[in-house]
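*Asks:* here is the input, now give the coordinates:
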Amino acid sequence: MTLNEDAQTIARPTTETTRSRRVLPAAIGSQAIEYYDFLIYGTAASLVFGTQFFPSVSPVVGVLAAFATFAVGFLGRPVGAAIFGHIGDRYGRKPAVLGSLLLMAVATLLIGLLPTYAAVGVLAPILLTVLRVLQGISIGGQWAGVSLLALEHAPPHRRGLHAALPQIGVSVGLIGGTLMFLLISGLTNADEFAAWGWRIPFLLTVLMFPIAYYMHRYIEDTPSFRRAEAALAADGGRPRSSVVEVFRRPRQMLLAAGTYLAASVTFYVVVTGVLDYATRELRIPRGTVLTATMISMVAFAVAMVGAAWLSDLVGRRPVYAAGAALSAVWAFALFPLIESANFGLILLALSVAQVAVGAMFGTAASMFAEMFPPEVRYAGASFGNQFANIAGGGLAPFIMVALLASTGTPLSVAGYVAAASVVSLVSLALVRFPRAAEDVPSS
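*Replies:* Numbering: from 1, shown residues only. As a prediction, the model looks like this:
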C-alpha cells in the first residue's frame, strides 16, 4: 500500500463506511464461534472429560486432571500471541484473524472425533492435550485481531463501543455452548451423553468456515494498519518484529496483563469453576446451573456494551476500576448465594458477577489497543491479554478446586478473586497512555 493509495482510500468515505459496516457482524460472528469452541471445552471438562479421558477412583482427581488440560490450553495462548501478533502487525489484521479462526475450527472438530481412554488408553489424554494447546494458540491470536478490526475501522468518538461489540461474541458463544449441552443432556440419558452426546457441540464448529469465507471475501484491512504501512514505506524500511519490540519495553505489556487479571479470574471461576462446585459438591442439578449460567451471560453482554459506551464518555480507567472493585466485593456474596441451591439466588449471584466482568471486558479491548502504537498494537494487546489469561483464566478452575479441597470453604476462593481484583486495580493505576495524532485515548 503506497501513500497515494492510502490517501485515495481515505478520500472515499462512502466505500469506507460500507466496509466498516461489514466489519462488526463479521467480528462478532467470528468471536462467537471462536469462544463457543474454546469454552465448550470447559463445560465438557466439568461434566464428562474426567471420566472419559482421565478415569480415576477419585472424582476430584479426575476433575483436576480435566481442568489441568483446560489450563494447558492457556499455555498455548502466548504462542498464538507471538505468531498471530507478528502476522497482524507485519501483514495485516485480517490474515491473522483468518488464520486463527481456521486453526480453532480444525482443533475443535478433531476433539469431537477423539477416541476415549477406554478405546486407546493413554493416547487419548495425550491427543486431547495437544488439541487443547492448538485451541489456545488460536485464541491467543484472535482476541486482539477482532478487537482491532472493529476499533481501527471505528470513528474516534466510538472506538470503545466498537472495540467492545465483538466481545458480545463471548456471551453468544457461551450461551450457545451451554444451550447445546442443555439440549443434548435433555435428549440423551447418562450413558448416551457419555458415549457420544458430548461430541455434538464440538462437531458443530463447522459453522466457523462460512464466517471465515465471509471475512476473506468481504473484509479489508484497517485504515490504521494501512497508514502504518504507508509510513514505514515512506521511511524506507521496517523495524524489527513487533513481538521483539514489545518485549524490549515490557512495562505496558505487564501492566495490561495485571489489569486484566481480575476479569479473567472472575469469568472462569463463574462459568467453569462454579459449574463443577455446584454440581459435584453441592449436588445441584446440572440443568439448574447451566441455565443460570446461560441467562447470566445476558447480564454480561448488557454490562459490557454499556461499559464500553460509558468509557467513550468518561474514560476507560474509571469504568474498568468500577468493574474490578465490584468483582472483589461480590466474590464474598457469590458462594453463599449459590449454596442456597435456590435458582433465583444462583442466577442473582452469577449475574452480578458477570456485570463486574462485563464492565472490565467491555473496556479492556479499546484500553489495551490504546496502550500501544499501531505498528506493535496487535502483539502488545495480545500478550497483555494472554499472560493474564494464563495466570487467571487457565489456572482459575484448577486453583478453585484445589482451594476447596484443601480448605473446605469457598471463602478461600472468594479471597482468591478479591486478591486478583486488587492486583488489577494497582496495575490500572500505573497505566500511562501514549499519545499520538490518530490515537488519542480516553484515560
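*Asks:* low-confidence stretches in this structure?
*Replies:* Applying pLDDT under 70 to the chain flags residues 1-21, 56-64, 66-67, 70, 222, 229, 231-240, 434-443.
*Asks:* what lies in contact with the helix or strand hosting His86?
*Replies:* Secondary structure from DSSP states H and E places His86 in helix 77-90. Residues from elsewhere that reach helix 77-90, judged by CB atoms under 8 Å, 6 or more residues apart in numbering: 95-97, 99-100, 136-142, 144-145, 148, 238, 241-243, 246, 375-380, 382-383, 385-387, 389-390, 394. Where C-beta positions appear, they are placed from N, C-alpha and C, glycine not excepted.
*Asks:* tell me the first helix or strand C-terminal of it.
*Replies:* Per DSSP H and E, the first helix or strand lying C-terminal to helix 77-90 is helix 93-112.
*Asks:* return the distance of that following helix from the chain's centre.
*Replies:* Per CA atoms, centre = their mean, to the nearest Å, the displacement of helix 93-112 from the mean C-alpha position of its chain is 14 Å.
*Asks:* just the CA coordinates for the helix or strand just after that helix, please, in CSV.
*Replies:* Next along the chain after helix 93-112, taking DSSP H and E as the criterion, comes helix 117-120. C-alpha atoms of helix 117-120 as CSV (Å, rounded to 0.1, in the frame of the first residue of the first chain):
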residue,chain,number,x,y,z
TYR,A,117,-9.3,-43.6,27.2
ALA,A,118,-11.4,-46.8,27.1
ALA,A,119,-10.6,-47.2,23.4
VAL,A,120,-6.9,-46.2,23.0
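*Asks:* and the angle for whichever helix or strand comes after helix 117-120 with helix 77-90?
*Replies:* The helix or strand immediately downstream of helix 117-120 is helix 123-151, counting by DSSP H and E. Counting by axes from the mean of the first three to the mean of the last three CA atoms, to 10 degrees, helix 123-151 lies at 30 degrees to helix 77-90.
*Asks:* quick one: Phe209 and Ala105 touch, right?
*Replies:* Yes. Using CB atoms under 8 Å, Phe209 makes contact with Ala105 at a distance of 6.3 Å.
*Asks:* more neighbours: which of these two?
*Replies:* Ala105 (21 against 13; other CB atoms under 10 Å).
*Asks:* residues contacting that one?
*Replies:* For Ala105, the contact set (CB under 8 Å, 6+ apart) comprises 33, 37, 205-206, 208-209, 212.
*Asks:* which residue comes closest to Arg377 once chain neighbours are left out?
*Replies:* In space, and not counting its chain neighbours, Arg377 is closest to Ala369: 5.7 Å by CB to CB, 6 or more residues apart in numbering.
*Asks:* using the three-state scheme, assign Ala256.
*Replies:* Following DSSP: H, G, I helix; E, B strand; the rest coil, the label given to Ala256 is helix.
*Asks:* isn't it up against Ser382?
*Replies:* No. Look at Ala256 against Ser382 with CB under 8 Å: they stay out of range, at 9.7 Å.
*Asks:* quick one: which of the two has more around it?
*Replies:* A count of neighbours by other CB under 10 Å puts Ser382 above the other of Ala256 and Ser382, at 37 against 26.
*Asks:* grab the nearest non-local neighbour of the more buried one.
*Replies:* Among residues not flanking Ser382 along the chain, Ala81 sits closest, at 3.6 Å (CB to CB, 6+ apart).
*Asks:* how far away is the one you found from Thr409?
*Replies:* For Ala81, the distance to Thr409 (CB to CB, to the nearest Å) stands at 36 Å.
*Asks:* between the two, which has more neighbouring residues?
*Replies:* Ala81 (32 against 12).
*Asks:* look up how far Tyr35 lies from the more buried one.
*Replies:* Relative to Tyr35, Ala81 is positioned 16 Å away (CB to CB).
*Asks:* mind jotting down where the helices sit in the stretch 251-400 of the chain?
*Replies:* In the stretch 251-400 of the chain, the helices defined using DSSP state H, counting those that start in this stretch lie at 251-268, 274-276, 286-314, 316-339, 343-370, 377-388, 396-407.
*Asks:* does anything pack onto the second one? Which helices or strands?
*Replies:* Here helix 274-276 is seen to pack against helix 286-314, helix 396-407 when contacts are counted using 3 or more CB pairs under 8 Å, 6 or more residues apart in numbering; DSSP states H and E.
*Asks:* now distance to Ala262 and mean neighbour count too, for the ones you listed, in JSON lines please.
*Replies:* Output for the helices and strands packed on helix 274-276, formatted as JSON lines (distance: least, CB to CB, whole Å; neighbours: other CB atoms under 10 Å):
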{"stretch": "helix 286-314", "distance to Ala262": "14", "mean neighbour count": "20"}
{"stretch": "helix 396-407", "distance to Ala262": "11", "mean neighbour count": "19"}
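*Asks:* could I get these as TSV with distance to Ile168?
*Replies:* Shown next, in TSV, are the helices and strands packed on helix 274-276 (distance: least, CB to CB, whole Å):
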stretch	distance to Ile168
helix 286-314	5
helix 396-407	22
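*Asks:* so which of those helices comes closest to Tyr320?
*Replies:* helix 286-314 (7.7 Å; CB to CB).
*Asks:* now that closest one and helix 343-370, what's the angle there?
*Replies:* Using the same axes, to 10 degrees: helix 286-314 against helix 343-370 is 40 degrees.
*Asks:* what about the spatially closest residue to Pro95 that is not a sequence neighbour, distance to Phe372?
*Replies:* Using CB to CB, 6+ apart and skipping residues adjacent in sequence, the residue nearest Pro95 is Ile87, 6.0 Å away. Distance, Ile87 to Phe372, using CB to CB: 16 Å.
*Asks:* got it, and Ala307?
*Replies:* Distance of Ala307 to Phe372, computed by CB to CB: 21 Å.
*Asks:* same check on Glu34?
*Replies:* Counting by CB to CB, the gap from Glu34 to Phe372 is 22 Å.
*Asks:* give me the neighbour count for Asp395.
*Replies:* Wrong residue type there; residue 395 is Leu, not Asp. By other CB under 10 Å, the residues close to Leu395 number 21.
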